[in-house]
Each structure stands twice: as C-alpha cells, then as structure tokens.
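*Asks:* Kindly return the folded structure for what I paste below:
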Amino acid sequence: MAVRAVRGATQVAGDDPVLIEEGTRELLGEILRRNELGDADLISIVFTTTHDLRSAFPAAAARKLGLNDVPLLCTAEIAVPGSLERVIRILAHVHSPRPRDGMHHVYLGAAAALRPDLGAPLAGTDSPLPQGA
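*Replies:* Numbering: from 1, shown residues only. So this is what the prediction gives:
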C-alpha cells in the first residue's frame, strides 16, 4: 500500500449548516466509493471552504459519519475575485494500492468546472515535469 492523495469539491446552495453537512457527506462518500476506500484507509483529511461558507465545519459532518480517529482540519480558501462561490473542497491522504494516476478525484455539480481535466481520461502529457516527478 502506498500513501496517496485524493481531491474533490462540491458547491452547496447556501451558507446553511444542513447544506454544508449534506454536501460534505455526499462528496466524501463519493471519494470513498469511487476509490474503493474504507475508513481504515484514511490517514487525514483537509477540508476547505470558500469565504462565504461560515455556518458549519465540514469536518463535523465527517465526525457524524464516524471518522472520530481520523485527523481532520478545516481551513478557508483564498478569496480570489470571480472564483466559484459556496465551494467545499477535500484533500484526503489515504492508503491505497492504486497508482497515483489511478486515483479518482471527485468534482460534483458546478464544482466540476474547477478541474475538467480530472474528469477526462488521462492522455499523453505536455507537462514540463519529468515523468515520475
């Protein structure tokens, strides 16, 4: 098993604790499902929210799912003018047998526009980074 990172994001309809909890639960559930991960595979999770979501901690939703022994951290995204509003993001560090390029990053709803490249199959790369970097 290797340590991998998996990302995801979702947009919620408003700054409401119920909406933040529902959005977080859906996003985290999809990340776990699509990557065939269980709670024992989780190392830590960083949650971020845009500046307009202040009524609840996404980590509280994860705790309600039973993730009581997984280190969780909430922080705020930088407020870039014109960026997508009401977004919850996840960066989860996990144990997985998958190769790094085999991890399924999850962008739900309007948040899919944040990383359309991750929704498409990997093709050849024009990256300036050497392979394996």
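*Asks:* Okay, Thr10 and Met1: tell me how far apart.
*Replies:* Distance of Thr10 to Met1, given as Cβ to Cβ, to the nearest Å: 27 Å. C-betas here are computed from N, CA, C, even on glycine.
*Asks:* neighbour count winner among the two?
*Replies:* A direct count of neighbours by other Cβ atoms under 10 Å for Thr10 and Met1 places Thr10 higher, at 25 against 9.
*Asks:* which residues pair with that one across the strands?
*Replies:* Beta-bridge pairing of Thr10 under DSSP bridges involves Ile88.
*Asks:* Show me where the protein has its strands.
*Replies:* 2-11, 42-49, 72-76, 87-96, 106-107 (DSSP state E).
*Asks:* avg pLDDT for the second one?
*Replies:* The average pLDDT for strand 42-49 rounds to 98.
*Asks:* relative to strand 72-76, how tilted is it?
*Replies:* Between the axes of strand 42-49 and strand 72-76, defined by axes from the mean of the first three to the mean of the last three Cα atoms, to 10 degrees, the angle is 20 degrees.
*Asks:* Can you dump the C-alpha atoms of strand 42-49 in PDB for me?
*Replies:* Provided in PDB are the C-alpha atoms of strand 42-49 (Å, rounded to 0.1, in the frame of the first residue of the first chain):
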ATOM      1  CA  LEU A  42      -7.900   7.300   5.700                       C
ATOM      2  CA  ILE A  43      -4.800   9.000   7.100                       C
ATOM      3  CA  SER A  44      -6.100  12.600   7.300                       C
ATOM      4  CA  ILE A  45      -8.400  15.000   5.600                       C
ATOM      5  CA  VAL A  46      -8.100  18.700   4.900                       C
ATOM      6  CA  PHE A  47     -11.400  20.500   4.200                       C
ATOM      7  CA  THR A  48     -11.500  24.000   2.800                       C
ATOM      8  CA  THR A  49     -14.500  26.300   2.200                       C
END
